[in-house]
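> the sequence and its predicted three-dimensional model are supplied below.
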Amino acid sequence: MSIVLNINGERRVLARLQEAIEATGSPKEALDEVGDVLVREFTQNFPAEGKRLDSRWAPLAVATLKEKARLGFGGKPILVRTGLLMNSFKKYVQKFAVRVANPVKYGVYHQQGSAKLPRRPIMLLPLRIRREITAAFTKFIHNALTKRI
């Protein structure tokens, strides 16, 4: 499971974007920063039980709460038992791309929901995070253009 940001548009817009990339260089540093932001936010969303990404998770069923307590995981946040899902976010940075993924197979069932599980998104991009992403790229462009002057 991963989040992918694609930039699509008219050929003119993409051509201008390519010109900007050629003028400023690879945005790898900005992409690295964005990856760090996303990993941090997605990880911190677990103790916040979804509120960090503006999506409060549905409470656990009584039977699930009893099972967590019986297994010694009582008192932990909704989707946390061992911490595997919470701590498995990884970023992959390339020259012009960043991908944040969580390889834990059952994560997709929480992200999307299922017939037996309510949807509890672990990866979202609320406005606050989109603004952080924009700020990282704005800083990158500003620094690149300042160096050229």
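Nice, I can see it.
> now for the longest helix anywhere in the chain, which elements pack on it?
Ranked by number of residues, the top helix in the chain under DSSP state H is helix 127-148. Taking 3 or more CB pairs under 8 Å, 6 or more residues apart in numbering; DSSP states H and E as contact, the helices and strands that helix 127-148 lies on are helix 11-24, helix 28-44. Heads up, the C-betas are built off the backbone N, CA and C, glycines and all.
> could you pull up the mean pLDDT of the first one?
So that's helix 11-24. For helix 11-24, mean pLDDT is 71.
> centre of the chain to it, how far?
Mean-position distance between helix 11-24 and its chain equals 26 Å (CA atoms, centre = their mean, to the nearest Å).
> same check on the last one?
How far helix 28-44 lies from its chain's middle: 7 Å, per CA atoms, centre = their mean.
> pLDDT at T134, what is it?
At T134, pLDDT is 90.
> measure it to E33 for me?
Distance, T134 to E33, by CB to CB, to the nearest Å: 12 Å.
> give me the most central residue, this structure.
L38 (3.9 Å; CA atoms, centre = their mean).
> let me see the contact set for that residue.
By CB atoms under 8 Å, 6 or more residues apart in numbering, the residues touching L38 are 3, 89, 91, 98, 100, 123, 129.
> right, and F137 touches K28 too?
No - assessed by CB atoms under 8 Å, F137 is found out of contact with K28, at 11.9 Å.
> circling back to that earlier point, filter the contacts of L38 down to the buried ones, ChimeraX style.
Command for ChimeraX, covering only those of these found buried under the criterion 16 or more other CB atoms under 10 Å:
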select :89,91,98,100,123,129
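> turn the contacts of L38 into a markdown table, columns for pLDDT.
A markdown table is the format used below for the contacts of L38 (pLDDT from 0 to 100):
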| residue | pLDDT |
| --- | --- |
| I3 | 56 |
| F89 | 98 |
| K91 | 96 |
| V98 | 92 |
| V100 | 96 |
| M123 | 96 |
| I129 | 94 |
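> point out where this structure drops to low pLDDT.
Flagging of the chain using pLDDT under 70 yields the residue ranges 1-10, 13-14, 17, 148-149.
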